[in-house]
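**Student:** My questions are about this predicted structure, shown below with the sequence.
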Amino acid sequence: MDLFRKGLLEQMERATRHGRIDVLINSGELYRALGGYPGSTHGMPFCCDAMEAEMKLGDVLLVERQRGRNDCPLLVAPLHLGGLKGSL
């Protein structure tokens, strides 16, 4: 899960550097950007777990995670509120 957490926090940092006030994070895109193969979902639960573990007050799930399926949420994290829990 550390790989996914690191990638998630890097996306947040990049958005902050570009002056964004919030960021939309797609779990599937994050998974593929970190080496997950298109169509391969065997590591997706770990990616979803990392996203859920980093959520904090003010973050918004656009799509709820459904247990037993490999898809998981889209997350909007407001950067002006500090974004996710972790920091680089």
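**Tutor:** Looks like it arrived, so ask away. No experiment lies behind these values; they were computed from the predicted model shown.
**Student:** ok, then the element right after the strand or helix carrying F46?
**Tutor:** Element membership for F46 (DSSP states H and E) is helix 44-54. Counting by DSSP H and E, the next helix or strand C-terminal to helix 44-54 is strand 60-61.
**Student:** by contact count, what packs against the next helix-or-strand element following that next one?
**Tutor:** Following strand 60-61 in sequence order, the next helix or strand is strand 74-78 (DSSP H and E). On a contact count with 3 or more Cβ pairs under 8 Å, 6 or more residues apart in numbering; DSSP states H and E, strand 74-78 meets strand 22-26, strand 60-61. C-beta here means a position set from N, CA and C on the backbone, and glycine is covered the same way.
**Student:** go again using 7 Å as the cut-off
**Tutor:** Helices and strands touching strand 74-78, by 3 or more Cβ pairs under 7 Å, 6 or more residues apart in numbering; DSSP states H and E, are strand 22-26.
**Student:** Pull the distance from the helix or strand containing G7 to the chain's centre.
**Tutor:** Element membership for G7 (DSSP H and E) is helix 2-17. Using Cα atoms, centre = their mean, to the nearest Å, the mean C-alpha position of helix 2-17 is found 8 Å from that of the whole chain.
**Student:** mind pulling up the phi and psi values for L57?
**Tutor:** phi -50, psi 130 (degrees, to the nearest 10).
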